[in-house]
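>>> Quick one: sequence and predicted model below, then my questions.
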Amino acid sequence: MSTLLGANTVLVQAMMVNLLLALSIQVPLRSGVFSFAGIGSYGLGAYTAAIVVLRLDRPALLALAEGVLVCGLAGALLALLLRRLNGLYLGLASIAYAGILAVVAANGGGFTGGAEGLYGVVANLDLTEIVLIVLVVVVLVALSERGRTGRAVTAVREDPELAAAMGVQVQRVRFVVLVAGCMLGGLAGGINAIMLTNVAPSDFGFHLAVLGLTMIIVGGAPSWLGAFVGAAIFTGLPIALQDLGDWRAVVYGVLVAAVAVWAPGGLVGLVRSVLQALRGARRPPPGPGGGVAVATGPAPDPVSEPAGRSR
């Protein structure tokens, strides 16, 4: 296992970053919050980790933790500012958040490195630590999809008014998932900055929003597993299609369109539907009388009429 990971270190690292990026959009979207704030936090976390390593000479794990904390605080402030927005308006506002952060980074002078960014972000962060971090995140996200928390999130997405009538604090759920998305995006950006030893304003923007949304559409938005499948596909596709050049964009477009039309639940949803259909086909047909089984043994002997009684 370790040999396999070692032989594909760069690929696995890229997949871990893509998975966190996809989750930064999937976690809010699962509760009906259409937010790309995780994309802006990707840049904020990357710059925070880079500055902490370069200016304060902190170790990698501490730099990542500080980056996630900064992104969480910024996400909490953003959630308060955008609490009245929903749907497309929230999505556009969160995209603007990423654009504002990119402009600030490009005009930050020597502190952020300007348009060229920061280089030499060297810290000790190996593949095992990255995989363990992502594994902990995935377990926490998977747990949030189950039990009382998962039912509350689903209720907020399906019918906020009914959820509120049932006692679910809708605004709190939306606040938490937006902040969580920002923290996930910040973690992805921090890992990427340390992994590549540099960060620039061009590293985050609308193209990351398209990539993150594409991964969860193809994989399946309702579950972390869909984000994982999408991350795996769109990490490996550029390598598999590298000989196609600019035609790779056409393949991506056809793939997304095909999944959107024939598998609205993503590839994970398609597989689940097929498995359910197969299980249904294997079940024996119900017996007559509304599915009640009919006894097939010998009929009991009739009860004789008592002597001397006539009908």
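Yep, that arrived.

>>> Format the CA atom coordinates belonging to stretch 159-178 as CSV.
Output of stretch 159-178 as CSV, limited to C-alpha atoms (Å, rounded to 0.1, in the frame of the first residue of the first chain):
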residue,chain,number,x,y,z
ASP,A,159,-38.6,22.3,2.9
PRO,A,160,-37.1,25.1,5.2
GLU,A,161,-40.6,26.2,6.4
LEU,A,162,-41.6,22.7,7.4
ALA,A,163,-38.2,22.1,9.0
ALA,A,164,-38.6,25.2,11.1
ALA,A,165,-42.1,24.1,12.1
MET,A,166,-40.6,20.8,13.3
GLY,A,167,-38.1,22.7,15.5
VAL,A,168,-35.0,22.7,13.3
GLN,A,169,-33.1,25.9,13.5
VAL,A,170,-32.8,26.6,9.8
GLN,A,171,-30.6,29.7,10.1
ARG,A,172,-28.2,28.0,12.4
VAL,A,173,-27.8,25.0,10.0
ARG,A,174,-27.2,27.3,7.1
PHE,A,175,-24.6,29.3,9.1
VAL,A,176,-22.8,26.1,10.2
VAL,A,177,-22.6,24.5,6.8
LEU,A,178,-21.4,27.8,5.1
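
>>> Which of the residues in it are classified as buried?
160, 163, 168, 170, 173-178 (16 or more other CB atoms under 10 Å). Backbone N, C-alpha and C define where each C-beta goes, glycine included.

>>> Count the residues that sit near the residue lying closest to Arg58 once chain neighbours are set aside.
Excluding the flanking residues, the one nearest Arg58 by CB to CB, 6 or more residues apart in numbering is Val52, at 4.8 Å. Number of residues near Val52 (other CB atoms under 10 Å) recorded here: 23.

>>> and Val52, that one's in a helix?
Yes. Secondary structure of Val52 (DSSP: H, G, I helix; E, B strand; the rest coil): part of a helix.

>>> Distance of it relative to Leu11?
27 Å (CB to CB, to the nearest Å).

>>> how about the helices of the stretch 201-311 of the chain, start to end?
Ranges of helices in the stretch 201-311 of the chain, per DSSP state H, counting those that start in this stretch, are 206-219, 224-240, 248-262, 266-282.

>>> nearest to Leu125, of those helices?
Nearest of those to Leu125, taken as CB to CB: helix 224-240 at 18.6 Å.

>>> how big is the angle separating that closest one from helix 206-219?
For helix 224-240 against helix 206-219, the angle by axes from the mean of the first three to the mean of the last three CA atoms, to 10 degrees is 110 degrees.

>>> any residues touching helix 224-240, and which ones?
Here helix 224-240 makes contact (CB atoms under 8 Å, 6 or more residues apart in numbering) with 11, 14-15, 18-19, 21-23, 26, 138, 141-142, 145, 211, 214-220, 248, 251-252, 266-269.

>>> Ok, stretch 60-77 next?
37, 41, 44-46, 48-50, 52-53, 58, 123-125, 129, 133, 175, 178-179, 181-183, 185-187, 189-191, 194.

>>> Those, buried ones only, as a PyMOL selection?
To isolate the buried ones among those in PyMOL, judged by 16+ other CB under 10 Å, type:
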select buried, resi 37+41+44+45+46+48+49+50+52+53+58+123+125+133+175+178+179+181+182+183+185+186+187+189+190+191+194
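
>>> Once you drop chain neighbours, what's closest to Thr112?
The shortest distance from Thr112 to any non-neighbouring residue, by CB to CB, 6+ apart, is to Ala105 (4.8 Å).

>>> so where does that neighbour fall, helix or strand?
Using DSSP states H and E, Ala105 sits within helix 87-106.

>>> Mean confidence (pLDDT) on stretch 64-74, please.
Mean per-residue pLDDT for stretch 64-74: 96.

>>> no, scratch that, I was asking about stretch 196-216
The average pLDDT within stretch 196-216 is 89.

>>> got the angle between whatever helix or strand Pro28 lives in and helix 87-106?
Following DSSP H and E, one finds Pro28 within helix 9-30. Relative orientation of helix 9-30 versus helix 87-106 (the same axes, to 10 degrees): 140 degrees.

>>> Restricting to C-alpha, output helix 9-30 in CSV.
C-alpha atoms of helix 9-30 as CSV (Å, rounded to 0.1, in the frame of the first residue of the first chain):
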residue,chain,number,x,y,z
THR,A,9,2.5,10.8,-4.6
VAL,A,10,1.7,13.8,-6.7
LEU,A,11,-1.5,12.2,-8.1
VAL,A,12,-2.7,11.3,-4.6
GLN,A,13,-1.9,14.7,-3.2
ALA,A,14,-3.8,16.4,-6.0
MET,A,15,-6.8,14.1,-5.5
MET,A,16,-6.8,14.9,-1.7
VAL,A,17,-6.9,18.6,-2.5
ASN,A,18,-9.6,18.2,-5.1
LEU,A,19,-11.7,16.1,-2.7
LEU,A,20,-11.5,18.9,0.0
LEU,A,21,-12.3,21.5,-2.7
ALA,A,22,-15.4,19.5,-3.8
LEU,A,23,-16.5,19.0,-0.2
SER,A,24,-16.3,22.8,0.4
ILE,A,25,-19.1,23.1,-2.1
GLN,A,26,-20.9,19.8,-1.4
VAL,A,27,-21.4,20.3,2.3
PRO,A,28,-23.3,23.6,2.0
LEU,A,29,-25.2,22.4,-1.1
ARG,A,30,-26.4,19.4,0.8
